[in-house]
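let's see this in three dimensions:
(chains A and B)
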Amino acid sequence: MDILDKLKILSGSARYDASCASSGSSRNGGEGTLGNASTGGICHSWADDGRCISLLKVLLSNDCRYDCSYCVNRSSNPAQRVSFTVEELVELTIRFYRRNYIEGLFLSSAVMRSPDYTMDRMVAVVKRLREEKKFFGYIHMKVIPGCSTELVRQAGLYADRLSVNIELPSGDSLNRLAPQKQKESILKPMGFLGDAISANRLERKKSRGAPRFSPAGQSTQMIIGASPESDYRILRLSQGLYKKMNLKRVYYSAYVPVNSDKRLPVLAEPPLNREHRLYQADWLLRNYGFSADEILSEEHPFLDEHLDPKAAWALRHPEFFPVDVNRADYAALLRVPGVGVTSAKRIVAARRYAVMTPDGLKKIGVVMKRARYFITCSGRPVERLFERPVLIRQKLLAAETIPAQQPLKQRQISLFQ
Amino acid sequence: MNLYRYDGTTEGLFSAIDHILRHEDDPQEVDLKPRQQTLFDEGLFIATNAERSDILVRRFSAAYPENARQVMYVVLSEKEEMETRLLQYINLVSLYGSRIEAHLTHPAVHAVHFLARKVAREVHRFKGILRFAMLEDGSYLAKMEPDFNIIQPLSRFFTRRLRTQQWFIYDVKRSLVSQWDGKKLDFGTLESFRSPELPEEEQEVQRLWKAFVAHIAIPERKNPDLQRSFMPMKYWKYLIEKE
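Numbering: from 1, shown residues only, chains lettered A, B, ... in the order given. A predicted model of the protein is given here:
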């Protein structure tokens, strides 16, 4: 089979991995080396589904011995099985990189003969790229659950980011839908990575010559909507992963039915809105100082479908508002809907020199259509609705709805009628 | 308000700014524009002085590198009627230092930041969407038509990224070209250009890339609006995957 057909199959099976980040690592090899990694990450294209393409995202092989019910590569699927050779994949990466198609390689794989065998082949690819080809671009590698710690350690020395997919939000669902994967075999390498990455950070602070270990951290992914867990449970899990396992990102992937299996739910379409709300809540956990228990609770275990989780929190907590933009501290500013990390920092810097006014806030980048209901500027409110969350909710929803697009013809005024 | 005019070149602009900063009591109350070719153009013309322009640029960049980058981006934007704003901005920075960054509501600071951000965003975008094609002789060529004149910062980025290969970047709209031979970066202009025939190897890699882009999208999540909002159609002309 030629490389074009292999690429079609092995990128087509890799597309269900959500992560395509190329940020968080900075590499520069100097003379005679190919490529560099820039801290902010760079997107090179956007696919027809609107997701960014930054890395050559492929599987080394789709020849899987596992039979996970949700997965396109499950062994009971009658799909054609192919694998790249190490040489093919290294060449493909270099050829794409030299033309500036990609930022680097995202390498995952189905579990071939055994986890160790698979991981060993994957390490061989990145080792060849780094050592023989002197490739300094970005590399994201999946860790195959159940492989030896030594292979994970080697992978960390070559890759910028490692990730172990947690797949489903609970051990029960994992047992039911992916019976050959054990919760422990996923959590063990995650724990190892978390410790090794923070130990490496300390070491590199002491001596800059120390080798890097997965400098862009570790991430994971779970499938949303294939199992019955609530948003509350999912967010609690993510929060635990960020705190205990030292994760950089948790990715959520709306379940796309690729197999028919009686253990799986039947959905009309992938739960994209739910995925979107979970990402918003995830941002609140990581960057806005919220905890999972503030966003949801046992009584209200699902996120508001129509309103972003920050606005929903604000409406449940009228006692917190209004926040005065000229006095409130950074943490309080961050809780105002319409104020993000950038604008909160700008407010704190700018108000040292001049009093903030609604007009100034707008210039700074605050989204006033949301913030206006929750702030005062030196005691003066923009809208006097603080006591009426129901009304604010209506106004917020109205501001988000885009008027339905009419065909151009109907909007045109007819002159001769 | 005093009116000043210059010859429309970048050097002329910095000569004029240098002159005004040294001779005016209040540079915030000055109007600076390129000279018009009409009989009745008002204002004092300041001749270009390469030496003074160079001194200003060098000193300002050394003292305030971050602010100098903003100024550079505004110059690269080629937007008209930014001269007075730039003069005011440079004046404010030299008075208050980089603390001026916090005065985002000041009209001059806001205008300079706003425009510089747009240019910086386009530079960043082209780091991703610029596409090189290998030619017969083994060198690589990338064509582009950016909104702003970003060939300089963009080329410098690729001298670090693709340093082991020879390449050209060609700004079709402005007839500008940059060349990297593996050691040295040169800029020049290109009067006429004929697209060369691509070797078979290059065509094969392009086929591979198109296949990859087509198969990496999840069909059930098709979302052309989202795709276009990240990657506006004005950039599609030189994207192999969008041919």
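
domain boundaries for chain B, per the record?
Here the domain parsing of chain B from automatic domain parsing is B:2-122, B:130-242.

longest helix in the chain, by residue count?
Just going to use chain A. Across chain A, the longest stretch assigned as helix under DSSP state H is helix A:183-206.

meant chain B, my bad for not saying
Looking across chain B with DSSP H, the single longest helix is helix B:107-129.

just the CA atoms of that helix, as CSV, please.
As requested, C-alpha coordinates have been extracted for helix B:107-129 and formatted as CSV (Å, rounded to 0.1, in the frame of the first residue of the first chain):
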residue,chain,number,x,y,z
PRO,B,107,-6.2,58.3,22.2
ALA,B,108,-2.6,58.1,20.8
VAL,B,109,-1.6,55.1,22.9
HIS,B,110,-4.9,53.4,22.1
ALA,B,111,-4.5,54.0,18.3
VAL,B,112,-0.9,52.8,18.2
HIS,B,113,-1.7,49.7,20.3
PHE,B,114,-4.8,48.9,18.4
LEU,B,115,-3.1,49.0,15.0
ALA,B,116,0.1,47.4,16.2
ARG,B,117,-1.9,44.5,17.5
LYS,B,118,-3.6,44.0,14.2
VAL,B,119,-0.2,43.9,12.4
ALA,B,120,1.3,41.6,15.1
ARG,B,121,-1.8,39.3,14.6
GLU,B,122,-1.2,39.1,10.9
VAL,B,123,2.5,38.3,11.4
HIS,B,124,1.5,35.5,13.7
ARG,B,125,-1.1,34.2,11.3
PHE,B,126,1.4,34.1,8.4
LYS,B,127,3.9,32.1,10.6
GLY,B,128,1.2,29.4,10.3
ILE,B,129,-0.4,29.8,6.9
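
pLDDT (mean, whole number) over it?
Throughout helix B:107-129, pLDDT has a mean value of 95.

before we move on, what about stretch A:27-39?
pLDDT averaged over stretch A:27-39 gives 88.

need the residues that contact it.
Under the contact criterion Cβ atoms under 8 Å, 6 or more residues apart in numbering or on different chains, stretch A:27-39 has outside partners A:22-26, A:94, A:97-98, A:103-104, A:133-138, A:160, B:127, B:160-164. From N, CA and C alone the C-beta is placed, and that goes for glycine too.

next one: stretch B:89-97
B:17, B:21, B:27-28, B:60, B:63-64, B:67, B:70-71, B:100, B:103, B:106, B:108-109, B:112.

rewinding a little: which residues does the helix or strand just after the longest helix of chain B contact?
Next helix or strand after helix B:107-129 toward the C-terminus (DSSP states H and E): strand B:132-134. Residues outside strand B:132-134 that contact it (Cβ under 8 Å, 6+ apart): A:98-100, B:140-142, B:162, B:167, B:198-199, B:201-202, B:205-206, B:240.

out of these, who's the most crowded?
Comparing the contacts of strand B:132-134 on neighbour count, B:Trp167 comes out first with 24 neighbours (neighbours: other Cβ atoms under 10 Å in any protein chain shown).

that one against B:Ser139, yeah?
Yes. The criterion here is Cβ atoms under 8 Å, and B:Trp167 meets it with B:Ser139 at 6.2 Å.

thinking again about what came up before, if any of the contacts of stretch A:27-39 are buried, put those into a ChimeraX selection.
A single ChimeraX command selects the buried members of the contacts of stretch A:27-39 (16 or more other Cβ atoms under 10 Å in any protein chain shown):
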select /A:22,23,24,25,94,97,98,103,104,133,135,136,137,138,160 /B:127,161,162,163
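
OK, contacts around the residue positioned nearest the centre of chain B?
The residue lying closest to the centre of chain B (Cα atoms, centre = their mean) is B:Ile150, at 2.8 Å. Listed by Cβ under 8 Å, 6+ apart, the contact partners of B:Ile150 are B:Leu76, B:Val119, B:Glu122, B:Val123, B:Phe126.

need the residues you listed in a markdown table with distance to chain A, can you?
Formatted as a markdown table, these follow (distance: Cβ to the nearest Cβ, whole Å):
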| residue | distance to chain A |
| --- | --- |
| B:Leu76 | 20 |
| B:Val119 | 16 |
| B:Glu122 | 13 |
| B:Val123 | 11 |
| B:Phe126 | 10 |
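
just the buried ones among those residues, please.
If you count burial by 16+ other Cβ under 10 Å, the buried members of those come out as B:Leu76, B:Val119, B:Glu122, B:Val123, B:Phe126.

which ones are touching the third one?
Think B:Glu122. Contacts of B:Glu122 (Cβ under 8 Å, 6+ apart): B:Pro146, B:Asp147, B:Phe148, B:Ile150.
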